[in-house]
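Participant: A structural model of the following input is requested.
(one chain, ligands or ions: 2)
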Amino acid sequence: MRITGARVIVTSPGRNFVTLKIETDQGVYGIGDATLNGREKSVVAYLEDHVIPVLIGRDARRIEDIWQYLYRGAYWRRGPVTMRAIAAVDVALWDIKAKALGAPLYDLLGGRSRDGVLVYGHANGSDLEDTVEAVGRYIDAGYKAVRAQSGVPGIDLAYGVGRGDMYYEPADATLPTETVWDTRKYLRYLPTLFEALRKEHGFDVALLHDGHHRMTPREAAQLGKSLEPYDLFWLEDSTPAENQEAFRLIRQHTTTPLAVGEVFNTIWDAKDLIQEQLIDYIRTTIVGAGGLTHLRRIADFASLWSVRTGCHGATDLSPVTMGAALHFDTWVPNFGIQEYMRHSEETDAVFPHDYRFDKGMLYVGDTPGHGVDIDEALAAKYPYEPRQLPVARLEDGTMWNW
Ligand SMILES: O=C(O)[C@@H](O)[C@@H](O)[C@H](O)[C@H](O)CO
Ligand SMILES: [Mg+2]
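Facilitator: Ligands and ions are numbered 1, 2, ... in the order given. Below is the predicted model:
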């Protein structure tokens, strides 16, 4: 089965998505997501200039060899751009293989380990009361797990506070929005938020929180400790993880479960975190880390150390990544949870898919492949719109982590 063509489709049905479509001489095609939020065009160029020319004529069934060719052959390994381009090819090829065999993708991975995939939704509020209500709306909508982000008293416009009900989009401006950050205010406020959440909603619902890399390791340890009475499902990205050793300090001080990895590209970013059991959940997802071929290696390695998966699933990961991730989640033995931010109706229409939400779970369909397609005529009606992620500064103007 030869690859006869491949092209990149950029569309912006409410937000930008980069999609790779690979065609074969047997009429079967596959779709892969290559979206890198706020830096989309860099992956378009990588694919069009450096990847597509070497794909034409290759045997589409040789997924592993093509992965190794693109990874080792680039010489310049890793990085968000390279690994997203490889992911797009890899997912499209898995889609093709599964379609050609007439099987849903999870069957090729080893079959079902579960019926449905537990997901968590995003509740955002401008203050404590607002956030408690927002979490309530998710519980009413059937969610069993909810991430709670809140505006912090005394801080204007901090990241994580959504602007619409049930939707949230950080890439909101042509030039980066400037947000302000003060960790001491945040550390004082957050335990009061989770105390109120548990008081109002009880302990049955799983609650999660994202620190978005803004704390030092010591501050993260303090936060983890202060949240212990509220039984979090996880505390995510409490400190930047370029230095994996930082998590040793956090781990020594708190039993709050720790999650990290949405910005990781390969197993090398998480190796020490996993084998030293410094984290509980690895958040890397398919588009971030070179596709299914590499993500399942990360998951298998993590399973040796009791680390479970918690795939990134913000709206900048297209329905193609969500569909492929759900097949992965349906199979992976050490599954933890899946992030789920609903896409807009426009996005759902451009990417018809067969996964569905029911009572806090997502279910994959049995369509051969990963079950997500692209309506190219509709996609063409939404041209690319430059959008950037925000940046954060401390109150004195110092640039900070976001
Ligand atoms: O956990 C998450 O989903 C967030 O950290 C993301 O919303 C993240 O900010 C975006 O994916 C960045 O593109
Ligand atoms: Mg996050």
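Participant: check contacts around residue 47.
Facilitator: The contact partners of residue 47, by C-beta atoms under 8 Å, 6 or more residues apart in numbering, come to 6, 8, 18, 20, 34, 85, 88. In this view, the C-beta of every residue, glycine as well, is placed from N, C-alpha and C.
Participant: okay, it and residue 293: tell me how far apart.
Facilitator: Distance of residue 47 to residue 293, given as C-beta to C-beta, to the nearest Å: 17 Å.
Participant: just residue 368 next, same as before
Facilitator: To residue 293, residue 368 is 19 Å away according to C-beta to C-beta.
Participant: neighbours of residue 246, just the number please.
Facilitator: Per other C-beta atoms under 10 Å, the neighbour tally for residue 246 reads 21.
Participant: roughly how far does the residue nearest to it when sequence neighbours are not counted sit from residue 400?
Facilitator: Leaving aside its chain neighbours, residue 246 sits nearest to residue 217 (4.3 Å; criterion: C-beta to C-beta, 6 or more residues apart in numbering). Separation of residue 217 from residue 400 (C-beta to C-beta): 15 Å.
Participant: for residue 320, same thing?
Facilitator: The spacing between residue 320 and residue 400, counted by C-beta to C-beta, is 33 Å.
Participant: the more surrounded of the two?
Facilitator: Using other C-beta under 10 Å as the criterion, residue 320 and residue 400 rank with residue 320 on top: 30 against 17.
Participant: and the closest residue to that one other than its chain neighbours, backbone torsions?
Facilitator: Leaving aside its sequence neighbours, residue 320 sits nearest to residue 33 (C-beta to C-beta, 6+ apart; 3.9 Å). Dihedral angles of residue 33 (phi, psi; degrees, to the nearest 10) stand at phi -90, psi 140.
Participant: centroid residue for the protein?
Facilitator: residue 312 (2.1 Å; C-alpha atoms, centre = their mean).
Participant: surely that residue and residue 285 touch.
Facilitator: Yes: between residue 312 and residue 285 there is a contact at 4.3 Å, judged by C-beta atoms under 8 Å.
Participant: what about the helices in the chain?
Facilitator: Secondary structure of the chain by DSSP state H: the helices cover 40-45, 52-55, 63-73, 80-101, 105-109, 128-140, 183-201, 217-227, 246-253, 271-275, 292-303, 319-331, 345-350, 376-379.
Participant: show me which residues of the first one are buried.
Facilitator: Neighbour-count burial for helix 40-45, counted by 16 or more other C-beta atoms under 10 Å, picks out 40, 42, 43, 44.
Participant: tell me the one among these nearest to ligand 1.
Facilitator: Nearest to ligand 1 out of the buried residues of helix 40-45 is residue 40 (C-beta to the nearest ligand atom; 11.0 Å).
Participant: so what's that closest one up against?
Facilitator: Each residue near residue 40 by C-beta under 8 Å, 6+ apart is listed here: 10, 16, 17, 18, 384.
Participant: residue of the protein closest to ligand 2, please.
Facilitator: Using C-beta to the ion, the single residue of the chain nearest to ligand 2 is residue 210, 4.3 Å away.
Participant: my guess is that residue contacts residue 236. True?
Facilitator: Yes: contact criterion C-beta under 8 Å: residue 210 and residue 236 qualify, at 4.3 Å.
Participant: quick one, which of those two is more surrounded?
Facilitator: More crowded of residue 210 and residue 236, by other C-beta under 10 Å: residue 236, with 25 against 22.
Participant: in the sheet, who's paired with the more buried one?
Facilitator: Residues in a beta bridge with residue 236, per DSSP bridges, are residue 210, residue 259.
Participant: check what pLDDT the residue nearest to residue 349 when sequence neighbours are not counted gets.
Facilitator: Nearest non-adjacent residue to residue 349, counting by C-beta to C-beta, 6+ apart: residue 378, 6.1 Å away. For residue 378, the pLDDT comes out at 98.
Participant: tell me which parts of the stretch 101-250 of the chain are close to ligand 1?
Facilitator: 170, 210, 212 (C-beta under 6 Å from any ligand atom).
Participant: domain parsing for the protein?
Facilitator: Domains of the chain are assigned by automatic domain parsing as 3-103, 109-368.
Participant: for residue 81, see how far away residue 390 is.
Facilitator: Using C-beta to C-beta, residue 390 is found at 21 Å from residue 81.
Participant: show me which residues of this protein sit near ligand 2.
Facilitator: Selection of the chain residues close to ligand 2 by C-beta under 5 Å from the ion yields 210, 262.
Participant: burial of residue 384, as a residue count?
Facilitator: Residues within reach of residue 384, counting by other C-beta under 10 Å, total 14.
Participant: do you know the pLDDT at it?
Facilitator: In this model, residue 384 is scored at 97, pLDDT.
Participant: same question, residue 156
Facilitator: With respect to pLDDT, residue 156 scores 78.
Participant: excluding sequence neighbours, find me the nearest residue to the residue in the stretch 201-350 of the chain that ligand 1 sits nearest to.
Facilitator: Taking C-beta to the nearest ligand atom as the measure, the stretch 201-350 of the chain has residue 314 as its residue closest to ligand 1, at 3.5 Å. Ranked by C-beta to C-beta, 6+ apart and with sequence neighbours excluded, the top spatial neighbour of residue 314 is residue 341, at 5.3 Å.
Participant: my read: that neighbour touches residue 122, true?
Facilitator: Yes: Residue 341 lies in contact with residue 122 (C-beta under 8 Å); the separation is 5.4 Å.
Participant: hey, what's in contact with both of those two?
Facilitator: Counting by C-beta under 8 Å, 6+ apart, the residues touching both residue 341 and residue 122 are residue 168.
Participant: okay, these two: which has more neighbours?
Facilitator: Neighbour count, other C-beta under 10 Å: between residue 341 and residue 122, residue 122 has more, with 25 against 21.
Participant: excluding covalently adjacent residues, which one is nearest to residue 64?
Facilitator: Using C-beta to C-beta, 6+ apart and skipping residues adjacent in sequence, the residue nearest residue 64 is residue 293, 6.4 Å away.
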